[in-house]
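>>> quick one: sequence plus predicted model below, questions after.
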Amino acid sequence: MAARTGTKGVPRRAREEQILAAAQEEFARVGYAAASVVTVARAAGISKPLVYSYFGSKEGLYVACVDAAGSLVADEVERSAGLGAVGLERGLLTVAGLTAVLDGRPHLWRVLFDPTVPAGTEAARAAARHTDRLHRLAVEGVGEMLELAGDTDPADRALTTRIWIGMLDTVLRWWAEHPDEPGASVLARVERIAAGLSAGAVAP
């Protein structure tokens, strides 16, 4: 059975991916609230009505973008968590996995964590499906680390989880600001910083 085609003989799936790639860059660049479907269409080399014919609305386009980005990120974090490492090792494995899957497209992190998405909308619910999953994995990893250290204080767990998510967010947003930096280079930076902090913590 032949693949369905879009305009000018382009397969529908290929056209969708082309639109999503342009839209993800636009949402990452200016945020959901300021994003323009006209700009997305122009970047994809198609008409604005064609974007709507594929995704229905700007919100539908964002939902498709955040589902693609969120699944990619959360699946990788879950895979890293399944390796069985704990503490700093698990954190570095998480960074290693994310710098691999986001290589060449670190802006996807911004799509997933977009503060301009209006609360209570389908767009917000779509993002939450993925960010909630990431938060649960962070709570799990932090909890394992603190339990090994004999710390069962719920407030400590909550604060440490927030610190970890904040550090990861900082790394990935920095990378999005330096998109020409290869993922392997970003990972090497994080590993050097972690080693330096660890050495400082045990220095006499």
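Yep, that arrived.
>>> buried ones in the helix or strand harbouring Ala184?
Per DSSP states H and E: Ala184 is located in helix 183-202. Neighbour-count burial for helix 183-202 flags Gly183, Val186, Leu187, Arg189, Val190 (criterion: 16 or more other CB atoms under 10 Å). C-betas here are computed from N, CA, C, even on glycine.
>>> out of these, who's nearest Pro115?
For the buried residues of helix 183-202, the residue nearest Pro115 by CB to CB is Val186; the value is 22.8 Å.
>>> would you mind measuring from the closest one to Trp175?
5 Å (CB to CB, to the nearest Å).
>>> how about the buried residues of helix 183-202 in JSON lines, adding distance to Gly166 and pLDDT?
Putting those into JSON lines (distance: CB to CB, whole Å; pLDDT from 0 to 100) gives the following:
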{"residue": "Gly183", "distance to Gly166": "21", "pLDDT": "97"}
{"residue": "Val186", "distance to Gly166": "17", "pLDDT": "98"}
{"residue": "Leu187", "distance to Gly166": "19", "pLDDT": "98"}
{"residue": "Arg189", "distance to Gly166": "17", "pLDDT": "97"}
{"residue": "Val190", "distance to Gly166": "14", "pLDDT": "97"}
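>>> chain neighbours aside, what residue packs nearest to Pro179?
Spatial nearest neighbour of Pro179, chain neighbours left out: Pro106 (6.0 Å); criterion: CB to CB, 6 or more residues apart in numbering.
>>> ok, for Pro118, nearest residue in space, not its chain neighbours?
Ala124 (6.4 Å).
>>> could I get the phi/psi values of the one you found?
Here is the backbone geometry of Ala124 (degrees, to the nearest 10): phi -70, psi -40.
>>> how close does it sit to Val30?
For Ala124, the distance to Val30 - CB to CB - is 18 Å.
>>> in terms of neighbours, single out the busier of these two.
Counted by other CB atoms under 10 Å, Ala124 and Val30 do not tie: Ala124 has more neighbours, with 18 against 14.
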